[in-house]
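A.B. asks: heads up, no residue letters with this:
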């Protein structure tokens, strides 16, 4: 059993460290929602869904700032073996607000700030900064 979200975030992180412009990831609705959130937060430049029927994939264009990737590190929190859920009162900021905690909630994939604003908790997927 492969953790597809962990695979996605590791591919994005490694592509940034290797100074790649784009990275290809197999398609799923959840991965596309996470990629759109990363675009909205400024960690990636562009997200495109490509392919048809069975061979769908997501092309992510990475964002760089003065030659360095905007994504410095990504840490997976919930895993198959251990799911971590947080209520709205338990959600803390990441790196004094410079990072983001990505959660899956009943209202969709949200960052820590959005979850606190909407007063909803959920499963913590990963931290990114």
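C.D. replies: On my side now, so go ahead. On a predicted model such as this, the values are computed, not experimentally measured, just so you know.

A.B. asks: can you give me phi and psi for the residue lying farthest from the centre of the chain?
C.D. replies: For the chain, the C-alpha farthest from the mean C-alpha position belongs to residue 53; by CA atoms, centre = their mean, that distance is 24.1 Å. The phi and psi values for residue 53, taken as degrees, to the nearest 10, are phi 50, psi -110.

A.B. asks: could you check how far it is from residue 44?
C.D. replies: 25 Å (CB to CB, to the nearest Å). For the C-beta atoms, the positions are set from N, CA and C on the backbone; glycine is no exception.

A.B. asks: phi, psi of the residue minimising distance to the centre of the chain?
C.D. replies: By CA atoms, centre = their mean, the mean C-alpha position of the chain lies nearest to residue 34, the distance being 4.7 Å. Backbone dihedrals for residue 34, given as degrees, to the nearest 10, come out at phi -70, psi -40.
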